[in-house]
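Output the structure for:
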Amino acid sequence: MITELISALVIIGGLGLIFGGLLAYTAQRFAVEEDARVETICDLLPGANCGACGFPGCINFAEKVVKGEAPVDCCVPGGKTVCDCVCEVLGVESVASETKKRAEVYCIGTKDVAHDKFEYQGVQDCKAAMLYGGGFKACKYGCLGLGTCVGVCPFDAIHIGANGLPQVDVERCTGCGICAKACPRSIIHIVNADRTGKIVLCNSKDRGKATRQACEVGCIGCKACVKACPNDAVMVEDNLAYIDSSKCDDCGKCVEACTRDIIKNVLKIAH
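Presented below is the predicted three-dimensional model:
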């Protein structure tokens, strides 16, 4: 009995040594040599794994940029600082732009002024709500306020305010664009963080009557702002006013003329 037990142990031990040796040989024979720069670059990145660069995570971006398969300035959250560091590791000239970005919500239809078509009791997600008749809001262009953008932001830079609309924390926002891509109504735009001038906080392209019925503050395309602007910086297309920032001198006459009070000053943030 003891002899059989010892024999079994010897056989199992021998097999373990054989298979262990084979595994060690295989691991060494087929090992993929890693470039030390990958880990160095990965350590330089913010580590948010936000995907704004177009890759699943920071390590994937690091691998691609070392292989020359990704631009060195792909890391949006890291901006110029990270790009300069990456370029230094790779020994190439930096191409980063000084321009920083941030998210901006182009809707002012709060829960008190934007009417509902029906009472929604489904999943608290904007994309899910869109499956029910295109959303519960009477305005098919306005914010649903269920926070899909909040859930995808890797920097905790956006939250739903007491008025039911997304509020962007400009100090935390990196302009990565993840929230803009996630918004099913496309009301979040990525803009230059230092932009100035005026903006129209509405997306509705419905005619005036339909807009009035859906929202108490939506743009009705009345062109009062167009007539008031001395620089031809305001235009109305598809029943919605637009402001050409290259022509706008920030005089404020369009703000005074707007009957719906939806033309606002752009918040200038110096990062």
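
Quick one: mean pLDDT for the longest helix along the chain?
Ranked by residue count under DSSP state H, the longest helix found in the chain is helix 2-29. In this model, helix 2-29 has a mean pLDDT of 72.

just stretch 85-97 next, same as before
Throughout stretch 85-97, pLDDT has a mean value of 83.

and that stretch, how far out from the chain's middle?
Put simply, stretch 85-97 sits 24 Å off its chain's centre (C-alpha atoms, centre = their mean, to the nearest Å).

tell me what the helix or strand hosting residue 37 is packed against?
Counting by DSSP states H and E, the element that carries residue 37 is helix 36-44. Packing partners of helix 36-44 (3 or more C-beta pairs under 8 Å, 6 or more residues apart in numbering; DSSP states H and E): helix 58-67, helix 79-90. For the C-beta atoms, the positions are set from N, CA and C on the backbone; glycine is no exception.

sorry, back to before: give the buried residues for the longest helix of the chain.
Residues of helix 2-29 include none that count as buried (16 or more other C-beta atoms under 10 Å).

Run through who's touching stretch 69-86.
41, 44-46, 48, 50, 52-55, 61, 64-65, 87, 90, 92, 94-98, 100-101, 154-155, 174-177 (C-beta atoms under 8 Å, 6 or more residues apart in numbering).

Return the set of buried residues in that stretch.
So, applying 16+ other C-beta under 10 Å, buried residues of stretch 69-86: 70, 72-79, 82-86.

now do stretch 237-254
Here stretch 237-254 shows 239, 240, 241, 242, 243, 245, 248, 253, 254 as buried, counting by 16+ other C-beta under 10 Å.

Looking at those residues, which one is closest to residue 23?
The nearest member of the buried residues of stretch 237-254 to residue 23, counting by C-beta to C-beta, is residue 245 at 62.8 Å.

so what's the residue lying closest to the closest one once chain neighbours are set aside up against?
For residue 245, ignoring the flanking residues on the chain, the nearest one in space by C-beta to C-beta, 6 or more residues apart in numbering is residue 197 at 4.9 Å. With contacts defined as C-beta under 8 Å, 6+ apart, residue 197 is in contact with 243, 245, 248, 250, 265, 266.

pLDDT score assigned to residue 197?
Looking at residue 197, its pLDDT reads 84.

and what of the one 10 residues further on?
Note on residue 207: pLDDT of 94.

For the stretch 51-200 of the chain, give me the ranges with low pLDDT.
Applying pLDDT under 70 to the stretch 51-200 of the chain flags the ranges 96-98.

residue boundaries of the strands in it?
For the stretch 51-200 of the chain, the strands defined by DSSP state E, counting those that start in this stretch occupy 101-105, 158-160, 166-168, 188-192, 198-200.
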